[in-house]
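# when you get a sec, could you give me coordinates for this:
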Amino acid sequence: MGATSEEHWEGKIANGFFRWVAHHTLFFINLYLSESDEAFQLRDLHLRGGDERGEEASPGLSKQETLAYRPICRQKMLDAIAAETAESLAGPSGFSYASSRAPSCTLQHPPHPASHRASERPSVAY
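The predicted model follows:
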């Protein structure tokens, strides 16, 4: 993300724009590292970048805001992995569409609901 030029940041990739793809990726990392859908809390940056759980494509964030979002997600990942116990790993995921609770599994194989797949999102110009 950091090496992406401003031109490409605002450029189209697949069915969306790079800024949206970057936000979408970090949003779902942040969400799936939460205890559950209900435990996930929107941050101020989501007011600008969008809540990716909706049906419409979000605008995404500026490159600067996205780069500031990365360490938030990284810290959440480190905290989630450090908090893993045998009981938490064996327990329910907290998400109706995922069975595994393990943060390490979430990062390798995210439980992405079909309604949130980039290929099914409309192309929106920003």
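# the helices in this structure, which residues?
Using DSSP state H, the helices found in the chain span residues 6-9, 18-32, 44-49, 63-82, 86-90, 103-108.
# so what's the closest residue to residue 23 other than its chain neighbours scoring on pLDDT?
Leaving out its chain neighbours, the residue that sits closest to residue 23 by CB to CB, 6 or more residues apart in numbering is residue 60, at 3.9 Å. All C-beta spots, glycine's among them, are computed from the backbone N, C-alpha and C. On pLDDT, residue 60 comes in at 93.
# isn't residue 60 up against residue 22?
Yes. With contact defined as CB atoms under 8 Å, residue 60 counts as touching residue 22 (6.6 Å).
# quick one on the thing from earlier: check the burial of the residue nearest to residue 23 by counting its neighbours.
Per other CB atoms under 10 Å, the neighbour tally for residue 60 reads 27.
# tell me the most buried of the helices of the chain?
The highest average neighbour count among the helices of the chain, using mean count of other CB atoms under 10 Å, belongs to helix 18-32 at a mean of 22.
# what's the average pLDDT for that helix?
91.
# what angle do helix 63-82 and that helix make with each other?
Angle of helix 18-32 versus helix 63-82, following axes from the mean of the first three to the mean of the last three CA atoms, to 10 degrees, is 20 degrees.
# if you count contacts, what does helix 18-32 end up packed against?
Packing partners of helix 18-32 (3 or more CB pairs under 8 Å, 6 or more residues apart in numbering; DSSP states H and E): helix 6-9, helix 44-49, helix 63-82, helix 103-108.
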